[in-house]
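Engineer: Quick one, fold the following:
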Amino acid sequence: MTVDSFINYLVIAGVVQGFLFNLITLFFGKKYGPVVLYLNLVVLFISLNNLQSWLPAMGYGSNHFFIKSMVVPWYLLIFPSFYNVFRHYLGVLPRTRNYMPFVVGLFLLEVVVRAVVILTASSTAGNELELRVEAYNVVEEIINIGVCIFIYLKAAQLVFQRQDWYRKFLTFDSIGWIKAFIILGLSIMLLWIFGLFLRATVGYNISVYHPLRLASSFLLYWIGYQGLYRYNIVQDRILIRKSLQEDDKRLPSRMTESNERLYEKHLSEFNRIREDLVQNRKYLNPELTLEKLAKEQLVSSGHLSRIINLYGNRSFNDFINELRVEQAKDFLSDSDYSPYTIVSIGLECGFNSKSTFYSAFKKFTSQTPSEYREERAGR
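Structural biologist: Numbers count the residues shown, from 1 in each chain. Model prediction:
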């Protein structure tokens, strides 16, 4: 297998995966909203653009000059869709501008202008005909890359410099995947600029865009997993937190008081701290530490640790995790929360990862969250 055929194989595999992603999320997905719509548009436009380049590379293109030259600039629509994913996901619509209408207008204009250029150039003979169309291709691509760079910079500015606009949202998601998305987008942008430079200087050859097509194919796989997976988790967490705020009765049951022989003053102090944690749901904060709680309670971290060890019969981490597990058990045994993923419930209960949630849950219940949910569902 040659390098070109291997690259073409990866490109068409990405295209097929992209179309399957569109089909599954739009027609079989549980959740649908603007984020899912724009995420699907990103995948669709990348797929269409790669398919359009794959067909002639495999010899499936037409020899008719108009059809062969009528290349649709699907790539122009990728970046405004990409930007709108972030705008809706982070909830910053009033503070940001939607560039999609302008870009769609430019896209349609370019399709019309290209058709006119090809038709008017068709009266030109031989090699000059192809040179004229190729000159238009370069001019069009320079305009489009300028527009896309502008929108890309707006997306990067939003993610890295405007976190104060969506600080509340950061309690649901660290947006690490979005930052990775931006960095990956930069690599694709640089590959695009490099390909355009080669095209303008040494002439068009399909191989100058091989790195770009490989990177965009990888992006299809990555978007398919990260984008939808993260979106579903965040939506679950938002709904779970809303129900928590509306229902103050969903609190972990009190832990059994022990060691009554110890000083009543310290026992009272422990009960006060525990009540504060439970009533104000401070245990749901994944960033809660012994030091932070001690500072808040105006005691030393060593004193707080001893109090919890003596009266809670647990280390600080186990004490907090047990409260979180109790909360998770309430959710998992309630049929109203059956539509939500187990990972979403664990994160909303204060665990910072799926692995820590599963480990703590099994430690205190001798079951995995999945087993616990299935057992309760069967009752």
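
Engineer: From here on, just use CA atoms for contacts and neighbour counts.
Structural biologist: OK.

Engineer: According to the record, where do the domains of this protein fall?
Structural biologist: 3-244, 249-377 (automatic domain parsing).

Engineer: Same list (those) but as TSV, adding mean neighbour count.
Structural biologist: Output for the domains of the chain, formatted as TSV (neighbours: other Cα atoms under 10 Å):
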stretch	mean neighbour count
domain 3-244	16
domain 249-377	17
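
Engineer: With mean pLDDT added, can I get those domains in CSV?
Structural biologist: Converted to CSV, the domains of the chain look like this (pLDDT from 0 to 100):
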stretch, mean pLDDT
domain 3-244, 82
domain 249-377, 84
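
Engineer: pretty sure Ala155 contacts Val85?
Structural biologist: No. Checked against Cα atoms under 8 Å, the pair Ala155 and Val85 is beyond contact range at 9.8 Å.

Engineer: State the helix or strand in which the closest residue to Tyr340 other than its chain neighbours lies.
Structural biologist: In space, not counting the residues next to it along the chain, Tyr340 is nearest to Asp236; the distance is 5.7 Å by Cα to Cα, 6 or more residues apart in numbering. Element membership for Asp236 (DSSP states H and E) is helix 210-246.

Engineer: before we move on, what about Leu44?
Structural biologist: Leu44 belongs to helix 34-57, assigned by DSSP H and E.

Engineer: outside of whichever helix or strand comes after that helix, which residues touch it?
Structural biologist: The element immediately downstream of helix 34-57 (helix or strand, assigned by DSSP H and E) is helix 65-69. Helix 65-69 is contacted from outside by 61-62, 115, 118-119, 133, using Cα atoms under 8 Å, 6 or more residues apart in numbering.

Engineer: What are the contacting residues of stretch 322-338?
Structural biologist: Under the criterion Cα under 8 Å, 6+ apart, residues 240, 250-253, 278, 283-284, 342, 345-346, 349-351, 360-361, 364, 369, 372-373, 376-377 lie in contact with stretch 322-338.

Engineer: Just the C-alpha atoms of the helix holding Leu44, please, in CSV.
Structural biologist: Extracted C-alpha coordinates of helix 34-57, given in CSV (Å, rounded to 0.1, in the frame of the first residue of the first chain):
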residue,chain,number,x,y,z
PRO,A,34,-27.8,24.0,19.8
VAL,A,35,-24.5,22.5,21.0
VAL,A,36,-25.4,19.1,19.4
LEU,A,37,-26.6,20.9,16.2
TYR,A,38,-23.4,22.9,15.8
LEU,A,39,-21.2,20.0,16.8
ASN,A,40,-22.9,18.0,14.0
LEU,A,41,-22.4,20.8,11.5
VAL,A,42,-18.6,20.9,12.3
VAL,A,43,-18.4,17.1,11.7
LEU,A,44,-20.7,17.4,8.6
PHE,A,45,-18.6,20.2,6.9
ILE,A,46,-15.3,18.4,7.6
SER,A,47,-16.8,15.2,6.2
LEU,A,48,-18.1,16.9,3.1
ASN,A,49,-14.8,18.7,2.5
ASN,A,50,-12.8,15.5,2.9
LEU,A,51,-15.2,13.5,0.7
GLN,A,52,-14.9,16.2,-2.0
SER,A,53,-11.1,15.8,-2.1
TRP,A,54,-11.2,12.0,-1.8
LEU,A,55,-13.4,11.4,-4.8
PRO,A,56,-11.1,12.8,-7.5
ALA,A,57,-8.1,11.4,-5.8
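
Engineer: heads up, I number from 56, so please use that
Structural biologist: I'll keep to 56 as the first residue from here, and by that count the last item is helix 89-112.
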